[in-house]
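S.K.: Model the structure of this input:
(2 chains)
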Amino acid sequence: MREVAVIGVGLTEFGELWDKSFRQLIAEAGSKAIFDSGIGAREIDALYVGSMSAGRFIGQEHVGALVADQAGFSHMHIPAIRVESACASGGLAFRQGYLSVASGINDIVVVGGIEKMTDVTGNAASDILATSMDQEWETFFGATYAGIYAMIANRHMHEYGTTREQLAQVAVKNHANGALNPYAQFKRPIELKSVLNAPMVASPLGMFDCSPLSDGAAAVVLCSMDKVKKYTDKPVKIIGSGQASDMLPLHGRDSLCTFEATVYAAKAAYKQAGIQPKDVDVAEVHDCFTIAEILAVEDLGFVKKGDGGKAIENKITTLDGQIPVNTSGGLKAKGHPVGATGVAQIAEIVFQLRNGADKRQVKDARIGLAHNIGGGGASCVVHILEAMKK
Amino acid sequence: MAKNNVIGIVSYGAHVPRYRIKSSDIARAWGKDPDTIINGLGINEKSVPSIDQDVATISVEAARAALARCDIDPQDIDAIYVGSESHPYAVKPTGTIVGEAIGATPDLKVADYEFACKAGTAAIQSCMALVKADMAKYGMAIGSDTSQAAPGDALEYAASAGGAAFIIGNKNVIASINYTCSFTTDTPDFWRREGRKYPSHGGRFTGEPAYFKHIVSCTKNLMNHVGTKPEDYNYAIFHQPNGKFPVRVAKMLGFSPEQVKQGLLCPFIGNTYSGASMLGLASVLDIAKPGDRIMVTSYGSGAGSDSFDITVTEKIDKMNREKAPLVSQLIQDKEYIDYATYAKFRDLLYWE
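M.R.: Sure, this is the predicted structure:
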């Protein structure tokens, strides 16, 4: 396998972007990434795009070819591949792009992620997201993602004494970070009491424990390591990539309090990178709900199982903590256009490792990790990236 | 439209059904926190039409109130336009019922209007044009609604009932309409398809790109044309889908809460849709003095706004405004009902 680096990133602002269409968003993110990388369009060998449900959100399938066309690449006739893995669609598109370069089939690929979620009502969006749960065992009986994650939160509180306040602190931290991120949907800090007093969604999760519905796109350019010198002196190398799956519905799993898919994907990524969890300087994890971040920091090995609540309480994961988590604001504050999320996480890690994250920069960040979950933990993609020494 | 100081409001009348339901009662029925709802929407209670009240009866009440305040022979009313999004019939006009009830038929131009919450102000513009063209001696413009809301929808706290009628002419004008303009785009923020009982809406999309964009643009266009500034007005009335939006849009435009207060009825009676900005204007005319200047900007989803620059004339002192109920009296004359009664009145119950 060849070594592969990220040489360009591009993001749109995330939010309720009523004035921007699916096509405009992906073209904006893609052209920013290509411009950032310094490559010429004719050097692109293939295009990967993560999108969870363009068919349901905007009535548009066949997204791969559409994106190539919108990018102005139709005359190049390059392979264009749409990747779907629920909310991990973006992370998985990144992994597919990475594998294609690592394998030697492609030298340069562009990976995009996108979702346009606010053209439909909130209820319709919930229905669409719920299509990625188990239709026969979960959705059919009225389950929603808020409900599923609420069950997980209740069990975690029961098993490990995690508190309502600790869950709320995840949202407070991520909003504080989002306030420093110009791309974030919510660029304002919130107070603990606002989280605790917010309207209940699914007990114990209130409105501020849930990530929002968002529009947005992200893109990165991947290049074989032996060719990066031509384009950049700040390549960010992909040193680990792991992916794992799990039982689709929750009920058959051994525990509600751990996502085995995260554990296995992380194990594979750490092994390939040859590092330990303690070596990670900055991480973007999948906080679709506050409890999901608590699970993630445990399952990724940053703290031991059951200590995720204490980790947030003891400020281990804040911007100036031992292991800063979700410096971008996470899904909670940055926004969660599902197909874009996994690619946007990579973009944030690249900003950090290039020392270009401005007010939210983690000092001397050298190794970063991105963790993208699909649905209720049935898919997980973990990537580890490393800044190249000059 | 060219500036014309002669045409304006000759008389006006209002009607609000007397039943009220408190926002807290609706909130409790759906397991919501009453304080969060009341603080969030700025609506304490809303009017509810009784089983035998509809847009026709509300319009007739308002039209009769307008006639009671002046000496106009109903036969001199040459046009009646009723704006509503809850006309009792899909096909068959409300305006004919009103015309017959007040004795204005048969030499009468009639049509029903629909433009979400601004059909009534559109009717005022039509009447102004007819009077100006000498095609009518007087025209009557009515905005009236018994608006619909799906049970449990956020709209349920706002959608209420009421209406106002304005007689437009060029003799004995109590308030001259100096200028009017409109601002219209195709913006689908709120709609109800043919045959559907309840409307749909785009949530937050009804705010920034819809309500605020249209009201701000239309009001600014009017002030640019007329050459006025917010401080030139004694009163300002903006469409009021809740208690918060009109105050916020006033601030955006540079109007003070004091200028908005007299015309802001939504906290006490809810959103009367086509009646809303017109009842607000009626409330201001109830206390206005000669020389007072009034800004009115309506908003109708779909979407558009009509702005009016109005100056009260000395003729208003000759009008006995007590000959018909004042808006403040209509607001005070109330009887509370609970959610079960509300459900009965609003046909929310199902049986075969």
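
S.K.: residues in contact with A:G377?
M.R.: By Cβ atoms under 8 Å, 6 or more residues apart in numbering or on different chains, the residues touching A:G377 are A:D246, A:L250, A:F259, A:E260, A:A261, A:T262, A:L295. Every C-beta, even on glycine, is put in place using the N, C-alpha and C of the backbone.

S.K.: any idea which of those is closest to A:R188?
M.R.: Distance to A:R188 across those (Cβ to Cβ) is lowest for A:L295, with 26.1 Å.

S.K.: Would you map the strands across chain A?
M.R.: Ranges of strands within chain A are A:4-11, A:46-50, A:80-83, A:108-116, A:200-202, A:205-206, A:215-224, A:236-245, A:282-284, A:367-374, A:379-387, based on DSSP state E.

S.K.: And these: which comes nearest B:K315?
M.R.: When those are ranked by proximity to B:K315 (Cβ to Cβ), strand A:215-224 comes first, at 54.5 Å.

S.K.: re the thing from before, okay if I get the contacts of A:G377 as a markdown table plus neighbour count?
M.R.: As requested, the contacts of A:G377 are exported to a markdown table (neighbours: other Cβ atoms under 10 Å in any protein chain shown):
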| residue | neighbour count |
| --- | --- |
| A:D246 | 22 |
| A:L250 | 23 |
| A:F259 | 29 |
| A:E260 | 18 |
| A:A261 | 27 |
| A:T262 | 29 |
| A:L295 | 26 |
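
S.K.: out of those, which are inside helices?
M.R.: A:E260, A:A261, A:T262, A:L295 (DSSP state H).

S.K.: what about the closest residue to the third one other than its chain neighbours, how many residues close to it?
M.R.: Nearest residue to A:T262, sequence neighbours excluded (Cβ to Cβ, 6 or more residues apart in numbering or on different chains): A:D299, at 3.9 Å. Neighbour count for A:D299, taken as other Cβ atoms under 10 Å in any protein chain shown: 26.

S.K.: Verify the stated contact: A:D299 with A:A266.
M.R.: Yes - taking Cβ atoms under 8 Å as the definition, A:D299 is a contact partner of A:A266 at 6.8 Å.

S.K.: of the contacts of A:G377, the lowest pLDDT goes to which?
M.R.: Among these, A:L250 has the lowest pLDDT, at 94.

S.K.: Go through the strands of chain A and name the closest to chain B.
M.R.: strand A:200-202 (9.2 Å; Cβ to the nearest Cβ).

S.K.: So the residue of the stretch 201-350 of chain A found nearest chain B versus B:S200, what's the distance?
M.R.: Using Cβ to the nearest Cβ, the closest approach of the stretch 201-350 of chain A to chain B is made by A:L213 at 9.9 Å. Noted for A:L213: a distance of 17 Å to B:S200, by Cβ to Cβ, to the nearest Å.

S.K.: Show me which of the two is the more surrounded one.
M.R.: Using other Cβ under 10 Å as the criterion, A:L213 and B:S200 rank with A:L213 on top: 24 against 15.

S.K.: burial measure for B:D186, as a count.
M.R.: Count around B:D186 with other Cβ under 10 Å applied: 7.

S.K.: Give me the three-state assignment for it.
M.R.: Put simply, B:D186 is strand when judged by DSSP: H, G, I helix; E, B strand; the rest coil.

S.K.: If you average pLDDT over each of the strands of chain A, which is lowest?
M.R.: strand A:200-202 (a mean of 94).

S.K.: thinking again about what came up before, if I pick the residue nearest to A:T262, what's in contact with it?
M.R.: Per Cβ under 8 Å, 6+ apart, neighbours of A:D299: A:T258, A:F259, A:T262, A:V263, A:A266, A:K305.

S.K.: Tell me which two of those residues sit farthest apart.
M.R.: A:A266 and A:K305 (13.0 Å).

S.K.: out of those two, which sits in the busier spot?
M.R.: Each of A:A266 and A:K305 has its neighbours counted (other Cβ under 10 Å); A:A266 has more, 25 against 16.

S.K.: surely the more buried one meets A:H383?
M.R.: No - counting by Cβ under 8 Å, A:A266 does not reach A:H383; the two are 10.2 Å apart.

S.K.: Can you name the residues that contact B:I215?
M.R.: Applying Cβ under 8 Å, 6+ apart, the residues near B:I215 are B:F238, B:H239, B:V249, B:L253, B:T297, B:Y299, B:S305.

S.K.: For residue 268, report the pLDDT, please.
M.R.: Since no chain was named, I'll use chain A. 98.

S.K.: Sorry, I should have been clearer: chain B.
M.R.: 98.

S.K.: same deal with B:G202?
M.R.: 88.

S.K.: hang on, it packs against B:F190?
M.R.: Yes - when contacts are counted by Cβ under 8 Å, B:G202 is listed as touching B:F190 (7.0 Å).

S.K.: which residues are common contacts for these two?
M.R.: B:A210.

S.K.: just checking, B:S50 touches B:P17?
M.R.: Yes - applying Cβ under 8 Å, one finds B:S50 in contact with B:P17, separated by 6.2 Å.

S.K.: of the two, who's got more company?
M.R.: Counted by other Cβ under 10 Å, B:S50 and B:P17 do not tie: B:P17 has more neighbours, with 25 against 17.
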